[in-house]
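Asker: Here is my input; please provide its structure:
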Amino acid sequence: MALPKSTYVTEEEYLAFEQDSEIKHEYAAGQIIAMTGASREHLLINHNVSRVLGNQLVERPCEVYSSDLRVQVTASGAYRYPDIVVVCGEPEFVPPRPNSLLNPTLIIEILSDSTAEIDYRHKLAEYRRIPTLQEYLLISQDAPRIERYLKQDEQNWLYTELTGLDQQLALPSIDCTLLFSDVFYRIDFETSA
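Answerer: Residues are numbered from 1 along each chain as shown. Okay, the predicted model is just below:
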């Protein structure tokens, strides 16, 4: 299916377009956004975090998904492909293909120059409207830094920022811990800068 000629795209038009597309696209505020490739650092961090969380959750009723799982933000009508999603309990999906996850517990985005503003502003506002979401992490690929928004109640989220390879971050939503030395394994910040 070709993209519609108007600048505003309906949710139905997006879903029909995405179903036939060879590449992933996000959808927000009537706009279709093509997903681009990622840097080596981005891919390493994604793999490191997915592996570490997957190992910690292996015997628990949680699943870790990496970047190819679409999340539907019902409250805003947006569809996003987070870098990493963890869902604890029975995952809830809605068709059409590719299916969209409705009940993430933890969402992680790995920051890049081209996505940082969207990740901080738009996605933060959207993700906070998902009733099941308990934590949102923003991981830098330029420095050993992780920012976390932890849900306190329906209106309040606690912000935490940690920096340094000697840090660790407890994730109460899934009862796991991220060691920064694991998250940023094989990342040379002096070379990548």
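Asker: Contacts for the lowest-mean-pLDDT helix or strand in the chain next, please.
Answerer: Lowest on mean pLDDT, DSSP states H and E among the helices and strands of the chain sits helix 189-192, with a mean of 75. Under the criterion Cβ atoms under 8 Å, 6 or more residues apart in numbering, residues Glu41, Gln141, Asp142, Ala143, Pro144 lie in contact with helix 189-192. Quick note: C-beta positions are derived from backbone N, CA and C, even for glycine.
Asker: Now flag whichever of the residues you listed is closest to Tyr127.
Answerer: Closest approach to Tyr127 among the contacts of helix 189-192 (Cβ to Cβ): Gln141, at 19.5 Å.
Asker: and the residue lying closest to the closest one once chain neighbours are set aside, how many residues sit next to it?
Answerer: Leaving aside its chain neighbours, Gln141 sits nearest to Glu41 (4.2 Å; criterion: Cβ to Cβ, 6 or more residues apart in numbering). Using other Cβ atoms under 10 Å, Glu41 is surrounded by 20 other residues.
Asker: circling back to that earlier point, export the least confident helix or strand of the chain as CSV, just CAs?
Answerer: C-alpha atoms of helix 189-192 as CSV (Å, rounded to 0.1, in the frame of the first residue of the first chain):
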residue,chain,number,x,y,z
PHE,A,189,33.4,6.4,25.1
GLU,A,190,36.6,8.2,24.2
THR,A,191,36.6,6.6,20.7
SER,A,192,32.9,7.0,20.1
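Asker: now it, how far from the chain's geometric center?
Answerer: Mean-position distance between helix 189-192 and its chain equals 24 Å (Cα atoms, centre = their mean, to the nearest Å).
Asker: Please indicate which of the contacts of helix 189-192 has the highest neighbour count?
Answerer: Gln141 (23 neighbours).
Asker: Tell me, what's the model's pLDDT at it?
Answerer: Note on Gln141: pLDDT of 94.
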